[in-house]
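Novice: Below are the sequence and a predicted model; questions follow.
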Amino acid sequence: MRGILASLLLCLIALPALAAAPASAAAAAKPPALLYLATWPHQIVVVDADKEKIVDRINVDTDVVRQLVLSPDHKKLYAASFAHDGIATVDLTTRKVIDSFDLDNDNHKVRLSGITIDPTGKLLYSIETVVTKQLDHYDISDPKFVVIDLSAKAIVRSADLPKGEDNPGFFRGTMKVSPDGKYLYLFRDTIEVFDTSNFKLIKKIELEQPPVPDMQNLSLNLVDDPNESPDKVIGLFRSTDPFVHRETFGLAEINLSNLSFDVSPVGPVTTTSVAPLMLTPDRKTGYTAVINGVNGNRITEFWVFDMASKKIVAKKEFAGRTRFNFGVTADGKKLLIYNAGYQIEVYDAKTLEMTTDINLGGDTTSNLVVVPQGE
């Protein structure tokens, strides 16, 4: 009898530990929340957003990385560099460069403006301008659409931009391919939609040109948001009344698959510039950073949007840099200020107060890539 009672007692003691084991295992199995950002001279810094510290550095020997593109399966990064317009493939499991190639040849220098990847992960879309070195001068070609085959390591298709279109003059985060691969979107002072099979313009939506030339994404942002729906782009837009020329800003939602476009005006334009809108995982809350005024009168603020009502529900001033980019962690709990400079400044999304300053050890040279939550 005593043996039976002792066995029962041991089982009762072990039950809490057994119950806690799955939770502990789940916690241990939770993947880290990783951020990727290129720094001078040729490194990609890997940051653990939960621990708020650098956990690795990836050397990209081709040159300074100017843009990072995450593959559709989130297993690779494609890094575009300045020198020879090289494309390096980074395996995110091993954190090593596993392939690279250049697009330049002989006396022809290829300049790529904007890079985006198709849903299959096999093709990169961009706009190229070719600079040809002659004996006593340089020839600069008209810009063209190009398709880069990653397995062939070459440009496999090209097409002229529509007549009257100048070089878009961008190189980061302003292009996107629809989930079915049929449409290529260009986001700038207008939204232009092209058929990827022949690069014919099939739709054009007019938007107002940003008032400050060096500020991007005010017309409609397209910086990769880890919490955005794959078939939609949600961002801030601005437009001007054709009668009294009153400037208005609001929220725009584009369905990339069926070309539908919906706008919700928020109010009159009162800012000099607005950063891209970033969403929480449930897409109920949006964040952005804005600049008001210039020089000594310059004020930077965080704005918080309720996405259901399309209204600003909170504002808070912060000490912004002269030039900066804005991002958010995949869990939506931390706001990030980076570029230009050596640091990522981390702010709590609830209090909008700064909590951490992560030193990257080198000036930032690329966009920030945030791996979606749980991957």
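Specialist: Thanks, I have it. Numbering: from 1, shown residues only.
Novice: Direction included, what does whichever strand or helix holds R238 pair against?
Specialist: Assigned by DSSP states H and E, R238 belongs to strand 232-240. Sheet pairing for strand 232-240, assigned by DSSP bridges, gives strand 247-255 (antiparallel).
Novice: following the strand it pairs with, which helix or strand comes up?
Specialist: Trace forward from strand 247-255 with DSSP H and E and the next one is strand 261-268.
Novice: outside of that following strand, which residues touch it?
Specialist: When contacts are taken as Cβ atoms under 8 Å, 6 or more residues apart in numbering, the neighbours of strand 261-268 outside the stretch itself are 191, 205, 237, 239, 246-255, 310-312. No exception for glycine: its C-beta is placed from N, CA and C like everyone else's.
Novice: Show me what secondary structure element comes after that strand.
Specialist: Past strand 261-268, heading to the C-terminal end, the next element that is a helix or strand (DSSP H and E) is strand 273-274.
Novice: pLDDT (mean, whole number) over the next helix or strand after that next one?
Specialist: Tracing the chain past strand 273-274, the next element assigned as helix or strand by DSSP H and E is strand 278-279. Averaged across strand 278-279, the pLDDT comes to 92.
Novice: Which strands or helices does strand 278-279 pack on?
Specialist: Taking 3 or more Cβ pairs under 8 Å, 6 or more residues apart in numbering; DSSP states H and E as contact, the helices and strands that strand 278-279 lies on are strand 285-292, strand 325-328.
Novice: Take those and write them to TSV, including distance to K334.
Specialist: Below are the helices and strands packed on strand 278-279 laid out as TSV (distance: least, Cβ to Cβ, whole Å):
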stretch	distance to K334
strand 285-292	10
strand 325-328	7
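Novice: what ranges of this protein fall below the confidence cut-off?
Specialist: For the chain, residues meeting the criterion pLDDT under 70 lie at 1-29, 84, 164-173, 189, 206-223, 241-242, 374-375.
Novice: Sketch out the helices for it, chain order is fine.
Specialist: Here the chain has its helices, by DSSP state H, at 2-29.
Novice: quick one on the thing from earlier: and the contacts of strand 261-268, which of them are buried?
Specialist: Among those, those classed as buried by 16 or more other Cβ atoms under 10 Å are 191, 205, 237, 239, 248-249, 251-254.
Novice: of all the helices and strands packed on strand 278-279, which lies closest to Y338?
Specialist: strand 325-328 (5.5 Å; Cβ to Cβ).
Novice: L352 is in contact with A314, correct?
Specialist: Yes. With contacts counted by Cβ atoms under 8 Å, A314 reaches L352, the gap being 7.2 Å.
Novice: Among the two, which residue is more densely surrounded?
Specialist: L352 (18 against 14; other Cβ atoms under 10 Å).
Novice: what ranges do the strands span in the stretch 101-250 of the chain?
Specialist: 108-117, 123-133, 138-140, 144-149, 154-160, 175-177, 183-187, 190-195, 201-206, 232-240, 247-255 (DSSP state E, counting those that start in this stretch).
Novice: could I get those strands as a markdown table with distance to S366?
Specialist: Putting the strands of the stretch 101-250 of the chain into a markdown table (distance: least, Cβ to Cβ, whole Å) gives the following:
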| stretch | distance to S366 |
| --- | --- |
| strand 108-117 | 11 |
| strand 123-133 | 15 |
| strand 138-140 | 25 |
| strand 144-149 | 18 |
| strand 154-160 | 22 |
| strand 175-177 | 16 |
| strand 183-187 | 18 |
| strand 190-195 | 24 |
| strand 201-206 | 28 |
| strand 232-240 | 20 |
| strand 247-255 | 25 |
